[in-house]
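In: Need a 3D model of the following:
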Amino acid sequence: MKAKEINFQFEIKRPSRSHRQARVLFLVSFLIATLTLFGYIPFVTYQQDIIALENINRNLSNQLDVVQAEQSIFDEFTTQEILYNNAYTYLSDLQIPLQTYITSIFDSSIGLVDISSYEVDSSTSTITIVIYDYTEAKLNEFILQIYEDYGLIENQETLTRWILAQPSRTNLNSSRVEVSFNYA
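Out: Here you go, the predicted model:
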């Protein structure tokens, strides 16, 4: 067997040296522009921001020093001010929070009547509640029970008794009553 010779005709077209150099030049210029845009400019901007923030911190520190120098750190209180503060603290500790009164009313109403609303008037020291039930007897029983449990009685002073006088009652309709308690 004899090998056949095949003749191909082809041309190799190589880019010229100037084209290759131009491509490398474009690639290098693109690389330099990209590094400048995404590397150098943000770095310089962040450095300027850091310098500006350091200057603000120094200014604030100077202002704090000036304010502290102008103000006396240790104020001395007079004996009268100390006594007034001690008396106020003592009386504040003795005062029962108003929510305790309201909570005690709500706790006593469980199973007897329903409370539809309440209102507290601190200027007149009055708690007004609107209660309802279908029977008049349960309404009366609730009012009596609250007064017996929390009303002030002579010769019996405790922290749980806070109602000063008999509750006032106003009938809104046959099943709804408004009751006002004067608290201590």
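In: residues contacting Leu35?
Out: The neighbours of Leu35, taking C-beta atoms under 8 Å, 6 or more residues apart in numbering as the test, come to nothing; the list is empty. In this view, the C-beta of every residue, glycine as well, is placed from N, C-alpha and C.
In: In a strand, it, correct?
Out: No: counting by DSSP: H, G, I helix; E, B strand; the rest coil, Leu35 is located in no strand; its state is helix.
In: And it, what's its pLDDT?
Out: Leu35 is assigned 91 on the pLDDT scale.
In: What spatial separation is found between it and Phe142?
Out: Distance, Leu35 to Phe142, using C-beta to C-beta, to the nearest Å: 84 Å.
In: And Val44, by the same measure?
Out: Taken as C-beta to C-beta, the spacing of Val44 relative to Phe142 amounts to 79 Å.
In: Out of these two, name the residue with the larger neighbour count.
Out: Phe142 (23 against 10; other C-beta atoms under 10 Å).
In: helix/strand/coil for that one?
Out: The three-state label for Phe142, taken from three-state DSSP, comes out as helix.
In: Next up, the contacts around it.
Out: When contacts are counted by C-beta under 8 Å, 6+ apart, Phe142 is found next to Ser108, Ser109, Leu112, Val113, Ile131, Asp133.
In: Return the member of those nearest to Val24.
Out: Checking these against Val24 with C-beta to C-beta, the nearest one is Ser109 at 92.0 Å.
In: how many neighbours does that closest one have?
Out: If you count neighbours by other C-beta under 10 Å, Ser109 ends up with 17.
In: what's the longest helix belonging to the chain packed up against?
Out: If you go by DSSP state H, the chain has its longest helix at helix 41-70. Using 3 or more C-beta pairs under 8 Å, 6 or more residues apart in numbering; DSSP states H and E as the contact criterion, helix 41-70 has no neighbours among helices and strands.
In: ok now that helix, how far from the chain's centre?
Out: For helix 41-70, the distance from its own C-alpha centre to the chain's C-alpha centre is 30 Å (C-alpha atoms, centre = their mean, to the nearest Å).
In: Quick check: next helix or strand after that helix?
Out: Following the chain from helix 41-70 toward its C-terminal end, the next helix or strand by DSSP states H and E is helix 79-94.
In: contact partners of that following helix?
Out: Outside of helix 79-94, the residues that reach it under the criterion C-beta under 8 Å, 6+ apart are Phe77.
In: Summarise which helices and strands the helix or strand bottoming out on mean pLDDT in the chain is packed against.
Out: Taking mean pLDDT, DSSP states H and E as the measure, the helices and strands of the chain show their lowest mean at helix 98-109, namely a mean of 84. With contacts defined as 3+ C-beta pairs under 8 Å, 6+ apart, the packing partners of helix 98-109 are strand 114-121, strand 126-132, helix 136-150.
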